[in-house]
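K.L.:
quick one, what's the 3D model for this:
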Amino acid sequence: MSVLAKVIVLDRIEVLEDGTLQFRYARYVTEDGKRISSAEYHRSVVTPGQELAGAKLRLYDDPALIDLDDRVKTVAAAIWTPDVVKTYRDRLDAFVAEAIAANATRRADAIAVAAEARPE
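P.N.:
I've put the predicted structure just below:
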């Protein structure tokens, strides 16, 4: 009798230019240890400075949480120097400030258009 098993493995960790880590899990079926299905993938991201101690993930449609793989934590510890974390946070702060300013401008423009369109 053959043995079927569902296998989930961390198959990729990528470091982006800003220090963000993307990682991918692959899930497939094996029969007697031999892979017999194509992989389904689940991707996740962690960002510089994010707290990883005790981090949990939910993979696929499984309601159970799993611990973040130690290999991701090891790569993060090596890559996330204080300078990388500061640069990432500074860029994020600048992006948020720009988005707030752009939203304020759009809102002011919309109010001006509405005021012009108001009948007297």
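
K.L.:
doesn't L92 belong to a helix?
P.N.:
Yes. Counting by DSSP: H, G, I helix; E, B strand; the rest coil, L92 is part of a helix.

K.L.:
hey, what's T30 bridged with?
P.N.:
Note on T30: beta-bridge partners by DSSP bridges are A5, R35.

K.L.:
how about V3: what's its closest non-neighbour residue?
P.N.:
Leaving out its chain neighbours, the residue that sits closest to V3 by C-beta to C-beta, 6 or more residues apart in numbering is D32, at 5.7 Å. Bear in mind the C-beta positions are built from the backbone N, C-alpha and C, glycine included.

K.L.:
does the one you found touch S2 like I think?
P.N.:
Yes. With contact defined as C-beta atoms under 8 Å, D32 counts as touching S2 (5.2 Å).

K.L.:
related to what we said a few turns ago, quick one: the residue nearest to V3 from A53, how far?
P.N.:
Computed as C-beta to C-beta, to the nearest Å, the D32 to A53 distance reads 38 Å.

K.L.:
for those two, indicate the residue with more neighbours.
P.N.:
More crowded of D32 and A53, by other C-beta atoms under 10 Å: D32, with 10 against 6.

K.L.:
do you know the pLDDT at that one?
P.N.:
As predicted, D32 sits at a pLDDT of 94.

K.L.:
got it, and the one 3 residues further on?
P.N.:
R35 carries a pLDDT value of 92.

K.L.:
then the one 3 residues further on?
P.N.:
Predicted confidence (pLDDT) for S38: 93.

K.L.:
can you pull the contacts of it?
P.N.:
Y28 (C-beta atoms under 8 Å, 6 or more residues apart in numbering).

K.L.:
now do the helix or strand bottoming out on mean pLDDT in the chain: distance to the chain's middle.
P.N.:
Taking mean pLDDT, DSSP states H and E as the measure, the chain has helix 82-117 as its least confident helix or strand, at a mean of 85. Centre-to-centre, helix 82-117 and its host chain are 22 Å apart (C-alpha atoms, centre = their mean, to the nearest Å).

K.L.:
circling back: over to the residue nearest to V3: give its phi and psi.
P.N.:
phi 50, psi 40 (degrees, to the nearest 10).
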